[in-house]
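>>> Output the structure for:
(one chain, ligands or ions: 1)
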Amino acid sequence: MSQTPDKARPIPRAGIMDIDAYVPGKSTAPTGVAKVYKLSSNENPLGPSPKAIEAAREIAGKLDVYPDGTARRLREAIAEVHGLNPANIICSNGSDEILGLLAQTYLSPGDEAVITEHAFMVYKIYIQSAGAVPVTIKEKEERADIDAILAAITPRTKIVFLANPNNPTGTYVPFQEVRRLHSGLPRHVLLVLDAAYAEYVRRNDYEAGIELVGSAENVVMTRTFSKIGLGGARIGWTYAPMHIVDAINRVRGPFNVNATAIEAGIAAIRDRAHVERSVAHNETWLAWLSEEFTKLGLRVTPSVGNFVLVHFPEDNKHSAAAADEYLTARGYILRRVSGYGFPNALRMTVGTEEANRGVVAALTTFLKS
Ligand SMILES: *Cc1c(COP(=O)(O)O)cnc(C)c1O
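Numbering: from 1, shown residues only. The predicted structure follows:
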């Protein structure tokens, strides 16, 4: 007995206590601020689809009944809109859940999983949870470097996670490059294409990954309803080869998508007009914000998502931390991104016209102070 009886208590598996817990974007301003603009979590400034709100209200009276554990009607609705086979779709409690399930299913202790320098933080958490080793690859001009990723593959590599576009940079990898990455990977390595922002991308050389998943045995594409208006409902989905669907279905919780999420999701994905309005709003204001910040002398990483990464001057008076404090005091909540390797930048979600103009006006005054 190495422990005295009064000290004995359950101990987490090796490595669990080395994990840095995820820190979500702030959602509150100091008391006394008249109006709060939450621009820290890449939510849709236009809100949920009105049809999704109605569907959620309607199911509220039937919440005593378990949901369909296979989320069949939601998978069929997604399949119809995207032209896919519903059997190849897995729904999840946000796409975060599927990222964790993939790590849990395909990584053994000691395996390696590749992520990029400024990648979305949850990959690392799930890799470590599985007892595997995150291998972080330097980016080039704040974008994934395909050659460097390929050079890092070893016999222990089991997964490559690629957020395309990435959060918090907003940069994307053109699809020719994604194909080149896939061609260079050994066939036992799983390529996870996280296309959380796919709806917002307006580039001819971008693809979310549907065709690649359809023609390979080692690629999955993950998607989410969160950035298009349903962050609170927690709905993600994955398009995957049958053998991966079969493995994940053995591991996932039997009712991982709740009844409200299923009904809201079906209504939301069929409401194409709301998606189009949201994307059009984003296109206008993403360009406007990027231009205005640049005019203020702030460097902006070119973004194709629904957010921008804004870099601040080196002087202490006008640092990202100082700007964050200034904006927060005025009700504008942006995202600090030090944990992502950007100690002197803030990520701002494209907001309503009022929020966007407000942030630019506040930063104009701030930078003159
Ligand atoms: C927001 C986000 C997700 C997942 O969000 P869920 O709400 O769990 O669906 C996944 N990947 C990236 C890159 C994101 O920014």
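>>> now the helices for the protein?
Counting by DSSP state H, one finds helices in the chain at the ranges 50-59, 72-82, 94-106, 122-129, 146-151, 175-184, 210-215, 242-251, 259-270, 272-295, 320-329, 353-368.
>>> burial measure for the residue in the stretch 51-200 of the chain that the ligand sits nearest to, as a count.
At 2.8 Å from the ligand, Gly94 is the closest residue in the stretch 51-200 of the chain, using CB to the nearest ligand atom. Just so you know, the C-beta spots here come from the backbone N, C-alpha and C atoms, and that holds for glycine as well. Gly94: 23 surrounding residues under other CB atoms under 10 Å.
>>> How about exporting stretch 354-365 as PDB, limited to the C-alpha atoms?
Provided in PDB are the C-alpha atoms of stretch 354-365 (Å, rounded to 0.1, in the frame of the first residue of the first chain):
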ATOM      1  CA  GLU A 354     -24.500  48.200 -34.700                       C
ATOM      2  CA  ALA A 355     -21.800  46.000 -33.100                       C
ATOM      3  CA  ASN A 356     -19.400  46.200 -36.000                       C
ATOM      4  CA  ARG A 357     -19.600  50.000 -36.200                       C
ATOM      5  CA  GLY A 358     -19.400  50.300 -32.500                       C
ATOM      6  CA  VAL A 359     -16.200  48.300 -32.200                       C
ATOM      7  CA  VAL A 360     -14.500  50.200 -35.000                       C
ATOM      8  CA  ALA A 361     -15.500  53.500 -33.500                       C
ATOM      9  CA  ALA A 362     -14.300  52.400 -30.000                       C
ATOM     10  CA  LEU A 363     -11.000  51.200 -31.400                       C
ATOM     11  CA  THR A 364     -10.500  54.500 -33.400                       C
ATOM     12  CA  THR A 365     -10.700  56.400 -30.100                       C
END
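>>> Looks like Asn256 contacts Ile90 (just checking).
No. Between Asn256 and Ile90 there is no contact under CB atoms under 8 Å: 9.2 Å.
>>> Next one, pLDDT for Asp6 please.
Looking at Asp6, its pLDDT stands at 68.
>>> cool, Lys140 as well?
pLDDT at Lys140 comes out at 97.
>>> List the contacts of the closest residue to it other than its chain neighbours.
In space, Lys140 comes closest to Ala148 once its chain neighbours are excluded; the distance is 7.5 Å by CB to CB, 6 or more residues apart in numbering. Applying CB atoms under 8 Å, 6 or more residues apart in numbering, we find Ala148 in contact with Ile137, Lys138, Lys140.
>>> which of the residues you listed are buried?
Neighbour-count burial (16 or more other CB atoms under 10 Å) applied to the contacts of Ala148 gives Ile137.
>>> Reformat the contacts of Ala148 as JSON lines; add distance to Thr365.
Converted to JSON lines, the contacts of Ala148 look like this (distance: CB to CB, whole Å):
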{"residue": "Ile137", "distance to Thr365": "40"}
{"residue": "Lys138", "distance to Thr365": "37"}
{"residue": "Lys140", "distance to Thr365": "35"}
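>>> quick revisit: just so I know, which of the helices of the chain lies nearest Thr116?
Closest approach to Thr116 among the helices of the chain (CB to CB): helix 146-151, 7.2 Å.
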